[in-house]
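Engineer: Starting from these lines, generate the structure:
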Amino acid sequence: MVTPSLHTRVGEWVNIPAFLAIALWGSTFVIVKVTVRDHLSPLSLAAMRVALSAAVLFVALWAVEKDWKVDRKDLPLLALLGFSGMALFQIFFIEGLKRTTAGNSSVVAATSSIFAVITVALFRVEDLRWKTIAGIILALSGVALVAQREGLSLGTESGLLGDIFTLIAAMGWGVFVAVQMPLFKRYSPLKIMTWASIFGSIFILPFTGSTLLAEDWGSLSLTGWGLAIYYVIVSGFAATILWSRGVRNWGPSKTSVYSYLNPVFGILSGVVLLGERLVAVQIAGVLAVFVGLALARK
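Structural biologist: Next comes the predicted model:
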């Protein structure tokens, strides 16, 4: 009788690839916060993320599938993915994170699954149940509590404005998640992400071109380059591959539970690395978001 290895036994209880992916995504909030605070403008970083991701994904797609073609009738959906999940998400996520804490951003961004559910319901793919509606209301109420860190000021650098920007980004990602579902019947996740990134580049570059040209790239330090590359490659491409392997190992339903850890990693990294803190009302808001997400997914 062959004794299972420690790795095999751990893999039966812990989805290791999914856990690592969430850890990488959770660290993104601190990485982006430091990058836009000390090294690059938000629009430059957003453009780098989308454009370089498109290039890396295209090379990976050609290496793996040797085919980049899609049906012409699917181009509008792929363009919508590029707009909502790439251009709109990246701009508002990074601009929002510049103005709020890493912990706040991670909690507000977690509501993207709520907006995916709403989008699916609007397109009448499936009906909203009462538990889902209750979960949506509770999660959004939790977001309102989380946003109380700096009161209700809407100044250009206020935490509330940053939370609102992050909520818009979450809406964009929720649409992305919902719209891509029918495309999975015809294409691989790699091909969908590649085309979405290409369209995202088309949408984002006109808004960021002047900022990219004005950026003093020669003075960007090795630390700045390292943080930007980490955001583009490690927390983008590598984490996505790990997550896909986790879904392949355990299936989408069981693996999706790990997404609850994303705000946990975001909050902890903000507290440990940036000295952020949560006040009592925010803690109540975090709990409300978690319970709301759980109800909405039942």
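Engineer: Flag the shaky bits of the protein, pLDDT-wise.
Structural biologist: By pLDDT under 70, the weakly predicted segments of the chain are 1-13, 123-128, 132, 136, 143, 146-158, 248, 251-257, 293, 296-298.
Engineer: what ranges do the strands span in it?
Structural biologist: In order along the chain, the chain carries no strands (DSSP state E).
Engineer: By residue count, what's the longest helix in it?
Structural biologist: helix 189-214 (DSSP state H).
Engineer: That one packs against which elements?
Structural biologist: helix 42-65, helix 75-81, helix 89-99 (3 or more CB pairs under 8 Å, 6 or more residues apart in numbering; DSSP states H and E). All C-beta spots, glycine's among them, are computed from the backbone N, C-alpha and C.
Engineer: Tell me, how many residues neighbour Gly209?
Structural biologist: Look at Gly209: counted by other CB atoms under 10 Å, it has 12 neighbours.
Engineer: Tell me which of the helices and strands packed on helix 189-214 is the most buried.
Structural biologist: helix 89-99 (a mean of 25; mean count of other CB atoms under 10 Å).
Engineer: same for that helix, what does it pack against?
Structural biologist: Short answer (3+ CB pairs under 8 Å, 6+ apart): helix 89-99 packs on helix 16-38, helix 42-65, helix 102-109, helix 159-179, helix 189-214.
Engineer: quick one: the second one to chain centroid distance?
Structural biologist: I take that to be helix 42-65. Here helix 42-65 is found 15 Å from its chain centre; the criterion is CA atoms, centre = their mean, to the nearest Å.
Engineer: ditto for the shortest one
Structural biologist: Its chain's C-alpha centre and that of helix 102-109 lie 11 Å apart, by CA atoms, centre = their mean.
Engineer: how much does it deviate in direction from helix 159-179?
Structural biologist: Relative orientation of helix 102-109 versus helix 159-179 (axes from the mean of the first three to the mean of the last three CA atoms, to 10 degrees): 40 degrees.
Engineer: any idea how far Ser106 is from the residue nearest to Ala79 when sequence neighbours are not counted?
Structural biologist: Nearest residue to Ala79, sequence neighbours excluded (CB to CB, 6 or more residues apart in numbering): Phe199, at 4.7 Å. The gap separating Phe199 from Ser106 is 27 Å, by CB to CB, to the nearest Å.
Engineer: Equivalent analysis for Ile31, please.
Structural biologist: From Ile31 over to Ser106 the distance is 12 Å, taken as CB to CB.
Engineer: Who has more neighbours out of the two?
Structural biologist: Shown here are Ile31 and Ser106; by other CB under 10 Å, Ser106 has more neighbours (27 against 22).
Engineer: residue contacts, that one?
Structural biologist: By CB atoms under 8 Å, 6 or more residues apart in numbering, the contact set of Ser106 is 26, 29, 262-263, 265-267, 270.
Engineer: now, among the residues you listed, which is nearest to Gly85?
Structural biologist: Distance to Gly85, by CB to CB, is smallest for Asn262 among the contacts of Ser106, at 16.2 Å.
Engineer: Tell me if I'm right that the closest one and Ala110 touch.
Structural biologist: Yes - counting by CB atoms under 8 Å, Asn262 touches Ala110, with 6.1 Å between them.
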